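Chemist: Fold the stuff below for me.
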Amino acid sequence: MLTLVIFIIIVALVFDFINGFHDSANSIATVVSTRVLKPRQAVVWAAAFNLIAAFMFDVHIAKTIGKGLIHLELIDEYVILGGLLGAIAWNLVTWYYGIPSSSSHALVGGYAGSAIAKAGFTAVIYSGWTSTIIFIAVAPLMGMALAFILMTSMMWLFHKRSSTKINGWFRKLQLLSAAAYSLGHGTNDAQKTMGIITTLLVTTGILKTFEVPTWVILSSHAAIAFGTLFGGWRIVKTMGQKITKLKPSSGFAAESAGAITLLVTAFSGIAVSTTHVISGAIMGVGATKRFSAVRWGLASNIIIAWIITIPASAAIGALSYWIVVLFK
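Modeler: Modelled structure (predicted):
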């Protein structure tokens, strides 16, 4: 039993690493596309603040993921392993094709699909999914609205200043906004893996109550930071160049809007997609120029990927569970 638990923890941290790898583009695309930092500098900057987040926030999201979505008494370690394998598979497929889908939704989808494969739909805590489902739409809209407001305000405040001077200021400020976004990204996404590992420890009797151990917090943040260092370069191009053209000022607005959204939802214990948030924020700053400045055709393809992530990863999670139990 202990060997299996250790193996599943390693798989969970592999998922966390892939999450950082897959979502690295979320943290660095804006600061790279505006040429404020070179790609390698940007991933080091983002990874550092992914790790620092471990010491700054509570674990509200970990508790939501761990005990708020699925009835713990109906699952076992094989359910958790199947869910993780489903999430990893979906992340690798979307990384390969350069699709900025949600690692968070891949994880909860895979976990739910695996649980349903074992115990049926009675395993699902439907009330716990309300905020997750609602925020598929709300999170990117929050990012978009905040970015639009920030960018519009900045354009009004600085319209008489030379663009060269303004971009010089925002090249420096964008370091701060990128750091803030990476803090939000780290605390949101690392906590989801913390929740899964703690669930494993509770369901196997290693922990008596759902309290996230310090070693789980530190290892989860370290794994996502390490993954960020390797960078999901295929998605950087989509996020930083294809949706709309960014300057330091618009990059600052997008990152700031994304950071505010992520930190507000983290303190509220709402699990949201960091990918959705920054995508919406980039669209928001693009829309301040003119409606056609955003490539809405590409944006619509990204939205389709958002919609199908949970059901697709759930299907793969269910299949993974059925395969795993063959080797029990």
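Chemist: need the helices for the protein, in chain order.
Modeler: With helices called from DSSP state H, the chain shows them at 2-33, 39-52, 60-67, 77-96, 103-119, 130-157, 163-203, 214-230, 233-237, 248-267, 274-287, 296-325.
Chemist: Could you list the low-confidence segments of the stretch 151-300 of the chain?
Modeler: Across the stretch 151-300 of the chain, the ranges flagged by pLDDT under 70 are 162-163, 231-245, 290-300.
Chemist: How about the backbone phi and psi for the residue in the chain sticking out farthest from the centre?
Modeler: The centre of the chain is farthest from one residue, residue 160, which by C-alpha atoms, centre = their mean lies 37.7 Å away. Phi and psi for residue 160, reported as degrees, to the nearest 10, are phi -90, psi 0.
Chemist: Repeat that for residue 270.
Modeler: Dihedral angles for residue 270 - degrees, to the nearest 10 - are phi -100, psi 120.
Chemist: repeat for residue 207
Modeler: Given degrees, to the nearest 10, the pair of backbone angles that residue 207 has is phi -110, psi 140.
Chemist: State the distance from it to residue 278.
Modeler: 34 Å (C-beta to C-beta, to the nearest Å). For glycine as for every other residue, the C-beta is placed from the backbone atoms N, C-alpha and C.
Chemist: More neighbours: the two, which one.
Modeler: Neighbours were counted for residue 207 and for residue 278 using other C-beta atoms under 10 Å; residue 278 has more, 32 against 16.
Chemist: Show me the residue sitting in the middle of the protein in space.
Modeler: Taking C-alpha atoms, centre = their mean, the centroid of the chain lies closest to residue 274, which sits 3.8 Å from it.
Chemist: which residues touch it?
Modeler: 23, 26, 102, 104, 184, 185, 188, 189, 258, 262 (C-beta atoms under 8 Å, 6 or more residues apart in numbering).
Chemist: If we use 10 Å, what do you get?
Modeler: Counting by C-beta atoms under 10 Å, 6 or more residues apart in numbering, residue 274 touches 19, 23, 26-27, 100, 102-104, 139, 143, 181-182, 184-189, 258, 261-262, 265.
Chemist: Then residue 80?
Modeler: 5, 8-9, 11-12, 70, 110-111, 114-115, 196-197, 199-200, 203-204, 321, 324 are the contacts of residue 80 under C-beta under 10 Å, 6+ apart.
Chemist: Repeat that for residue 10.
Modeler: Residue 10 neighbours (C-beta under 10 Å, 6+ apart): residue 223.
Chemist: any idea how far it lies from residue 3?
Modeler: From residue 10 to residue 3 the distance is 11 Å (C-beta to C-beta).
Chemist: With residue 105 instead?
Modeler: Between residue 105 and residue 3 the computed distance is 31 Å (C-beta to C-beta).
Chemist: more crowded one of the two?
Modeler: Taking neighbours as other C-beta under 10 Å, residue 105 and residue 3 compare with residue 105 leading, 30 against 7.
Chemist: and the gap between the more buried one and residue 136?
Modeler: Distance, residue 105 to residue 136, using C-beta to C-beta: 7 Å.
Chemist: excluding its backbone neighbours, what's nearest residue 265?
Modeler: Of all residues not flanking residue 265 in the chain, residue 272 sits nearest, at 4.8 Å (C-beta to C-beta, 6 or more residues apart in numbering).
Chemist: Determine the number of other residues adjacent to the residue nearest to residue 34 when sequence neighbours are not counted.
Modeler: For residue 34, ignoring the flanking residues on the chain, the nearest one in space by C-beta to C-beta, 6+ apart is residue 251 at 4.3 Å. Counted by other C-beta under 10 Å, the residues lying close to residue 251 total 29.
Chemist: Nothing else from me, thank you.
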